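Peer 1: Sharing a model that was predicted from the sequence below.
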Amino acid sequence: MKSDKKIAVIDFGGQYAHLIASRVRRLGAFTEILSNEENIEKYRSYAGLILSGGPSSVYEVDAPTLPDAFFELKIPILGICYGHQLLMQKLGGSVISSSNKEYGPALLELSSQESSGLSSSVSNQSMVWMSHGDEVTKLPIGFTVKGSSQDCRYAFVSDEGNKKYGIQFHPEVTHSIEGEKFLSNFIEICGVSNTWTLQSFLDREVAVLQQKVPTGKNVFLLVSGGVDSSVAYLLLAKALGKDRVKGLLVDTGFMRKNEVSDLKSNLNQMGFDLTIWDASDEFYKALDGQSDPEVKRQIVGDLFLKVQGKAVDTMKLDTNNWILGQGTIYPDTIESGGTKHSHKIKTHHNRVPAIQKLIEEGKIVEPIADLYKDEVRELGKMLGLPKVWIERHPFPGPGLVVRMIASKENRDRGILPSLKELIAKSNQEVSVGILPIQSVGVQGDQRSYAHAAVIADSSLSWKELDQLSIQITNSIKALNRVVFTPGLKVIPEEFCYTQLKMDKEHADLLREADAIVNRIIFEEGIHTSIWQMPVVLVPASLKEGTYGIVLRPVESQEAMTANFYEMEKSILNRITSELVNLEGISAVFYDLTHKPPGTIEWE
């Protein structure tokens with residue numbers, strides 16, 4: 001395929017660079033990811049150029065940039081977030097750190113005076129997704145304002161004559177309601193269409209796999225039993241044949257209740273040659289006393305490799321003829337800092353240094369590493385994956401390891417007065433508090449590790465809770481999450497802290513809690529409305545010697561962004577009642593945070 005039939009996405013390290021490419025592909029135009037250090041002739045060969053977001057600020061000394069000649073190209077250019085700010089700065093505009101940072105939904109109002117080809121057929125008022133801490137304050141010559149939000153005057157600008165466009169919001173995420181119209185219009189402006197389908201990916205990937213794994217070599221696939229590894233297996237089997245693909249399911253001791261036996265039965269029905277390896281004692285020992293999320297992930301990733309090595313020896317598989325396979329998808333890599341300028345949000349266990357070294361040596365095959373979860377599910381349908389498997393909620397490779405928050409006690413008593421002041425100004429009469437632990441989040445493409453605000457149960461509707469949550473995380477940088485306590489009307493001045501250990505006893509407690517939650521959401525028939533529902537054990541509660549459970553149900557398609565799920569209160573009350581009846585659990589927290597600013601998992 002010639003470059004002049006493609007659109008290039010210039011990656012500045014934002015969470016969404018590959019998501020932009022994915023969205024454009026799904027809209028019918030082929031895309032490729034490029035760095036900001038390509039030869040100018042390389043850029044010139046494309047039909048259109050999209051500048052992605054990124055964690056840097058354009059006014060920083062070492063911020064990633066592009067040569068002046070790039071902006072003189074007679075090719076349509078669309079700048080998104082950081083890309084928008086860079087486009088403005090390089091062409092003579094100004095960008096500063098904003099006092100009105102925006103993370104989450106915002107209403108874009110199109111100018112009634114200035115129309116644009118980029119917003120053709122877009123509503124005059126449209127909900128979009130913001131994630132930025134900087135803002136444009138002066139436009140270059142030739143640009144005019146096409147749309148604004150309440151806190152961002154230059155949310156959408158363009159130079160129609162030169163086909164250059166800048167938008168501060170993310171059109172590629174599903175939370176930008178008409179985002180696909182902006183991208184479709186840009187494809188139209190570039191004059192390209194129908195150069196990408198998932199079927200063309202499948203055909204090409206089969207051919208690629210047959211080259212990567214030539215006759216005489218086979219694949220040893222590490223599986224979790226989730227959608228990703230199941231689709232990876234089916235794709236490998238299609239390309240290589242079932243006899244050349246074996247699977248290893250490592251029981252880490254941090255699997256869900258009855259997960260191992262159920263997975264073995266179900267995978268065997270698919271004709272998958274699966275070996276179960278019980279390494280729970282090894283994982284408990286290796287994780288004993290560990291609390292740092294990154295260290296835990298590192299241990300899990302490294303131990304996976306060691307266990308895999310033992311299994312290969314025991315199964316008498318010739319390492320010269322077998323290579324490692326993984327069901328890694330793109331969000332796993334981008335959140336691990338997988339692109340040149342990206343800010344590491346968290347290290348996925350498939351991206352620890354030992355794994356990365358094997359990838360560089362060509363000893364690992366990852367057939368779906370360029371796909372997002374929604375594409376993986378669609379590919380699964382194409383490959384004949386049963387509906388019950390496609391509907392399974394995603395489950396992290398490290399299992400419950402990342403859902404057991406063993407972090408040390410961390411109290412910041414300076415936050416609470418600011419939170420109470422904000423609540424008072426919002427005219428909401430509700431009790432609030434702060435959890436004595438921190439969790440990982442992502443704000444403005446950068447990793448954050450911050451506290452969660454706690455809101456008591458009250459008469460507030462989901463919409464009011466949502467608005468309050470957004471207001472809190474936008475206003476107080478030290479807070480990246482907001483949770484509320486179903487059934488608890490008054491928040492204690494301080495929550496109790498009880499150290500949590502990464503052992504079988506605590507894993508069993510979380511297993512029981514997780515089983516209760518999943519049983520109820522399936523019985524209530526809401527499991528398909530919820531994209532994923534992490535159940536998290538935290539060392540914060542209402543009573544010494546007990547723990548809390550965080551419920552984190554989200555709506556999403558591609559995992560790069562998510563909304564919290566608005567559960568019916570009767571169902572939530574049923575779940576809460578059963579959880580607090582578990583010995584060792586005295587508090588339930590319901591996560592109200594979107595992604596961003598909170599990640600889906602708490603670690």
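Peer 2: That came through fine. Quick caveat: nothing in here was measured; it's all calculated off a predicted structure.

Peer 1: Can you give me every residue that contacts S97?
Peer 2: By CB atoms under 8 Å, 6 or more residues apart in numbering, the residues touching S97 are S57, G133, D134. To be clear about C-beta, it is placed using only N, CA and C from the backbone, and glycine gets the same treatment.

Peer 1: List the buried residues of whatever helix or strand the second one lives in.
Peer 2: What it means is G133. Using DSSP states H and E, G133 falls within strand 125-138. By neighbour count, and taking 16 or more other CB atoms under 10 Å as the criterion, the buried residues in strand 125-138 are S126, M127, V128, W129, M130, S131, H132, G133, D134, E135, V136.

Peer 1: Just send these back as JSON lines, with pLDDT and distance to Q308 too.
Peer 2: Below are the buried residues of strand 125-138 laid out as JSON lines (pLDDT from 0 to 100; distance: CB to CB, whole Å):
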{"residue": "S126", "pLDDT": "95", "distance to Q308": "48"}
{"residue": "M127", "pLDDT": "96", "distance to Q308": "46"}
{"residue": "V128", "pLDDT": "94", "distance to Q308": "44"}
{"residue": "W129", "pLDDT": "88", "distance to Q308": "39"}
{"residue": "M130", "pLDDT": "86", "distance to Q308": "42"}
{"residue": "S131", "pLDDT": "76", "distance to Q308": "37"}
{"residue": "H132", "pLDDT": "71", "distance to Q308": "42"}
{"residue": "G133", "pLDDT": "76", "distance to Q308": "42"}
{"residue": "D134", "pLDDT": "87", "distance to Q308": "44"}
{"residue": "E135", "pLDDT": "85", "distance to Q308": "48"}
{"residue": "V136", "pLDDT": "92", "distance to Q308": "50"}
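
Peer 1: Okay, now the unreliable bits of the stretch 501-603 of the chain?
Peer 2: Residue ranges of the stretch 501-603 of the chain with pLDDT under 70: 558-560.

Peer 1: how about the strands of it, start to end?
Peer 2: 535-538, 540-541, 547-551, 554-555, 563-564, 585-591 (DSSP state E, counting those that start in this stretch).

Peer 1: pLDDT averaged over stretch 271-284 - what is it?
Peer 2: Taken as a whole, stretch 271-284 has a mean pLDDT of 90.

Peer 1: Return the residues in contact with V58.
Peer 2: Residues counted as contacts of V58 (CB under 8 Å, 6+ apart) are T65, Y82, Q85, L86, Q89, V95, D134.

Peer 1: cool, D281 as well?
Peer 2: The contact partners of D281, by CB under 8 Å, 6+ apart, come to G253.

Peer 1: hmm, back to that, need the contacts of V58 in TSV (columns: secondary structure and distance to Y233).
Peer 2: Shown next, in TSV, are these (DSSP: H, G, I helix; E, B strand; the rest coil; distance: CB to CB, whole Å):
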residue	secondary structure	distance to Y233
T65	coil	43
Y82	helix	37
Q85	helix	43
L86	helix	42
Q89	helix	47
V95	strand	47
D134	strand	44
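
Peer 1: Among the residues you listed, which one has the most neighbours?
Peer 2: Highest neighbour count within the contacts of V58: Q85, with 30 neighbours (other CB atoms under 10 Å).

Peer 1: wait, what's in contact with the residue nearest to A513 when sequence neighbours are not counted?
Peer 2: Spatially, and ignoring its direct neighbours in sequence, A513 is nearest to I549 (5.2 Å; CB to CB, 6 or more residues apart in numbering). Contact analysis of I549 by CB under 8 Å, 6+ apart lists A513, V535, V536, L537, V538, L579, I585, A587, V588, F589.

Peer 1: which among the residues you listed gets closest to L465?
Peer 2: Nearest to L465 among the contacts of I549: F589, at 12.9 Å, using CB to CB.

Peer 1: what about that closest one, distance to K74?
Peer 2: From F589 across to K74, the span is 54 Å (CB to CB, to the nearest Å).

Peer 1: which one of these two has more residues nearby?
Peer 2: Neighbour count, other CB under 10 Å: between F589 and K74, F589 has more, with 27 against 7.

Peer 1: hang on, the more buried one packs against V538?
Peer 2: Yes - contact criterion CB atoms under 8 Å: F589 and V538 qualify, at 7.4 Å.

Peer 1: any chance you could map the helices in the stretch 251-400 of the chain?
Peer 2: Listed in chain order, the helices of the stretch 251-400 of the chain (DSSP state H, counting those that start in this stretch) span 259-269, 280-287, 293-314, 330-334, 353-360, 373-382, 387-390.

Peer 1: Quick one: mean pLDDT for the fifth one?
Peer 2: The average pLDDT within helix 353-360 is 57.

Peer 1: And the fourth one, by the same measure?
Peer 2: What helix 330-334 shows for mean pLDDT is 58.

Peer 1: that older thread, tell me which of the helices of the stretch 251-400 of the chain sits nearest to K408.
Peer 2: Closest of these to K408 is helix 293-314, at 11.8 Å (criterion: CB to CB).

Peer 1: Can you name every helix or strand that the closest one contacts?
Peer 2: When contacts are defined as 3 or more CB pairs under 8 Å, 6 or more residues apart in numbering; DSSP states H and E, helix 293-314 packs onto strand 218-223, strand 245-251, strand 274-278, helix 280-287, helix 353-360.

Peer 1: pLDDT below threshold where in the chain?
Peer 2: Applying pLDDT under 70 to the chain flags the ranges 1-3, 14-15, 99-102, 225, 319, 330-362, 443-446, 558-560.
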